[in-house]
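Participant: Need coordinates for the below:
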Amino acid sequence: FGNTVGMMGDFKTGNLLARDGVSEIGDFMAFGNEWQLLPADDMLFHDKSEPQFPKRCTVPEDPQGQRRRRLGESTITVEEAEAACAKVVGGDALDIK
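Facilitator: Numbers count the residues shown, from 1 in each chain. Below you'll find the predicted structure:
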């Protein structure tokens, strides 16, 4: 799983990559259009829905949406969170972050 690269990006770096697996795409709209299913792609879903290539994807009003984390709105302090996470068993730092 940790070596996957594809539509969700590069697991290790978090970079959004084009279909070639190398080119980085920083714009969410360009990224979505890059990964739009093409006629040569295998059928991934049971049903086809609009838009289908060559029509472009429908653009949302806010392409970034609520993607950012809102830790500033939390009423829990960093110290309280660290104390709660200290009880997690496991040696991998990603288990508690």
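Participant: Low-confidence ranges, the chain, go.
Facilitator: Across the chain, the ranges flagged by pLDDT under 70 are 1-5, 62-73, 89-97.
Participant: where's the spatially most central residue of it relative to Ser74, distance?
Facilitator: Nearest to the geometric centre of the chain sits Met8, at 4.8 Å (Cα atoms, centre = their mean). For Met8, the distance to Ser74 equals 26 Å [Cβ to Cβ, to the nearest Å]. Every residue, glycine included, has its C-beta placed from N, CA and C.
Participant: Tell me how many other residues crowd Ile76.
Facilitator: By the measure other Cβ atoms under 10 Å, the count of residues near Ile76 is 10.
Participant: Distance check, it against Val88.
Facilitator: Distance, Ile76 to Val88, by Cβ to Cβ: 16 Å.
Participant: for Pro39, same thing?
Facilitator: To Val88, Pro39 is 47 Å away according to Cβ to Cβ.
Participant: Next, please give the residue ranges for the strands of this structure.
Facilitator: In the chain, the segments counted as strands under DSSP state E are 5-6, 9-10.
Participant: Run the chain-centre distance for the last one.
Facilitator: Taking the mean of its C-alpha atoms, strand 9-10 sits 8 Å from the chain's own mean (Cα atoms, centre = their mean, to the nearest Å).
Participant: which residues touch that strand?
Facilitator: Outside strand 9-10, the residues within contact range by Cβ atoms under 8 Å, 6 or more residues apart in numbering are 15-17.
Participant: Filter these down to the buried ones.
Facilitator: 16-17 (16 or more other Cβ atoms under 10 Å).
Participant: among the strands of the chain, which is the most enclosed?
Facilitator: Counting by mean count of other Cβ atoms under 10 Å, strand 9-10 has the highest mean neighbour count of the strands of the chain, with a mean of 16.
Participant: Listing partners with orientation, what would you give for that one?
Facilitator: strand 5-6 (antiparallel) (DSSP bridges).
Participant: May I have stretch 32-48 exported as PDB, CA atoms only?
Facilitator: Extracted in PDB, the C-alpha atoms of stretch 32-48 (Å, rounded to 0.1, in the frame of the first residue of the first chain):
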ATOM      1  CA  GLY A  32      -9.300  16.000 -12.100                       C
ATOM      2  CA  ASN A  33      -9.300  16.500 -15.900                       C
ATOM      3  CA  GLU A  34      -6.000  14.500 -16.200                       C
ATOM      4  CA  TRP A  35      -7.600  11.500 -14.400                       C
ATOM      5  CA  GLN A  36     -11.000  11.700 -16.200                       C
ATOM      6  CA  LEU A  37     -11.800   8.200 -17.600                       C
ATOM      7  CA  LEU A  38     -11.000   7.800 -21.300                       C
ATOM      8  CA  PRO A  39     -12.500   5.500 -23.800                       C
ATOM      9  CA  ALA A  40      -9.400   3.300 -23.700                       C
ATOM     10  CA  ASP A  41      -9.700   2.800 -19.900                       C
ATOM     11  CA  ASP A  42     -11.300  -0.300 -18.400                       C
ATOM     12  CA  MET A  43     -14.900   0.000 -17.000                       C
ATOM     13  CA  LEU A  44     -14.400   1.000 -13.400                       C
ATOM     14  CA  PHE A  45     -18.100   1.500 -12.400                       C
ATOM     15  CA  HIS A  46     -21.300  -0.400 -13.000                       C
ATOM     16  CA  ASP A  47     -23.000   2.500 -14.800                       C
ATOM     17  CA  LYS A  48     -21.800   5.400 -16.900                       C
END
